[in-house]
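Participant: Predicted model follows, preceded by the sequence.
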Amino acid sequence: MLEQTYSNCTWQNETLGAAKGTAHADKNDMVNLGLKLGLFGYPEEAAVNGDKIHKTALQYIENHDHERFVCNFGILSKDNYLLREGDRGSWYKNQPYLIGLLPAKGIPMLWQGQYYFYNHYDNYISKNVLLFSREHNGSFSLVGLKS
């Protein structure tokens, strides 16, 4: 049954890792997060048995295999790593990262979105600002994250 089927999506933790680094004020990960949200370096298509298959990646900052993202901003209970409880009073700190997923290239929010990361250290990154945009059919959206 699966002999003639192919996957066109890649499960990856690189966006999550860069988001965690950015949450902990690592400026190198801020640039990395912008690149990962844009899927820089990921193949857009692959040839398999003469078929061209469009490829993308799953973009997320939380899933069932990892702690809640809010845990990056404070932990209430440290007794057991598997049962750590994040400080939900810091929930709003998740918002920029979730908003960042909206114009990101890939899944879940946008399939094959057009994405641009403003990778200018002096104007943005040095000031802890991450900017990226999405343009579609003449509409333009600019999203910024400040850490």
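Facilitator: Structure received. Numbering: from 1, shown residues only.
Participant: Leu145 belongs to a helix, doesn't it?
Facilitator: No: the assignment for Leu145, made by DSSP: H, G, I helix; E, B strand; the rest coil, is strand rather than a helix.
Participant: what sits against it?
Facilitator: Thr22, Met30, Leu33, Pro96, Tyr97, Ile99, Gly100, Val129, Leu130, Leu131 (C-beta atoms under 8 Å, 6 or more residues apart in numbering). All C-beta spots, glycine's among them, are computed from the backbone N, C-alpha and C.
Participant: Name the nearest of those residues relative to Gln59.
Facilitator: Nearest to Gln59 out of these is Gly100 (C-beta to C-beta; 9.1 Å).
Participant: For the closest one, which residues are in contact?
Facilitator: Contacts of Gly100 by C-beta under 8 Å, 6+ apart are Ala19, Leu33, Leu37, Leu130, Phe132, Val143, Leu145.
Participant: Just the buried residues of the contacts of Leu145.
Facilitator: When the contacts of Leu145 are checked for burial by 16 or more other C-beta atoms under 10 Å, the buried set is Thr22, Met30, Leu33, Pro96, Tyr97, Gly100, Leu130, Leu131.
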